[in-house]
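**Student:** Build the 3D model from these lines:
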Amino acid sequence: MSSVVETVTDLVTPILDEQNFELVEVEFVKEGKSWFLRVFIDKEGGIDIEECAFVSEKLSEKLDLVDPDPIPQEYFLEVSSPGAERPLKKEEDYHKAIGQYINISLYQNIDGEKQYQGFLKEFTDENLTLTVKIKTRTKEMIFERKNIAKARFAIEF
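**Tutor:** Alright, predicted model coming up:
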């Protein structure tokens, strides 16, 4: 984790805790010529634009007080909801996702595929079990957690 992400995480966590909001993810990325500091937040029932604006304002105030400046280059601060396809990062995220439709991306191919979508049936320290639909049949597949690069909620079509 970069020092910017760590610093921002440390600064935003008390703001979120005070409001009973959850920190989903912090990312600091360069896109084109611009840098973006993105803070994804959520709460039970979803987060709204006013709540995002509140957190953005409070975090901006805190960032302005840090000396030396943890982010010397110009950047855009974005505080938002992770959306319907929010990432699964923490153990708690996976436990909440049991029975939900998710997408996983793998480090190594399994049966020629690096991405799978299905209903999360089980989650342990070592494995994740998905009920996936392949053409017209449904089957359970077990994936080693160490082979999972990314996981997120998905929308079933």
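
**Student:** Every contact and neighbour count from this point should use C-alpha atoms.
**Tutor:** Will do.

**Student:** now the helices for this protein?
**Tutor:** Listed in chain order, the helices of the chain (DSSP state H) span residues 3-19, 49-65, 91-96.

**Student:** CSV please, covering these and showing mean pLDDT.
**Tutor:** CSV is the format used below for the helices of the chain (pLDDT from 0 to 100):
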stretch, mean pLDDT
helix 3-19, 95
helix 49-65, 96
helix 91-96, 90
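
**Student:** what's the closest of those to Thr138?
**Tutor:** Set against Thr138 and scored by CA to CA, those come closest in helix 91-96, at 21.4 Å.

**Student:** Gly32 is nearest to which of the helices of the chain?
**Tutor:** helix 3-19 (19.0 Å).

**Student:** distance from the centroid: which residue in this protein tops it?
**Tutor:** In terms of distance from the mean C-alpha position of the chain, Thr136 ranks first, at 31.2 Å (CA atoms, centre = their mean).

**Student:** Start and end of stretch 79-86, how far apart?
**Tutor:** Start-to-end span of stretch 79-86 (CA to CA, to the nearest Å) is 14 Å.

**Student:** Throw the helices of the chain into TSV and include mean neighbour count and distance to Lys43, thanks.
**Tutor:** Shown next, in TSV, are the helices of the chain (neighbours: other CA atoms under 10 Å; distance: least, CA to CA, whole Å):
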stretch	mean neighbour count	distance to Lys43
helix 3-19	15	9
helix 49-65	15	10
helix 91-96	14	12
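
**Student:** Export those helices as TSV, with columns for distance to Gln73.
**Tutor:** Written out in TSV, the entries for the helices of the chain read as follows (distance: least, CA to CA, whole Å):
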stretch	distance to Gln73
helix 3-19	11
helix 49-65	13
helix 91-96	33
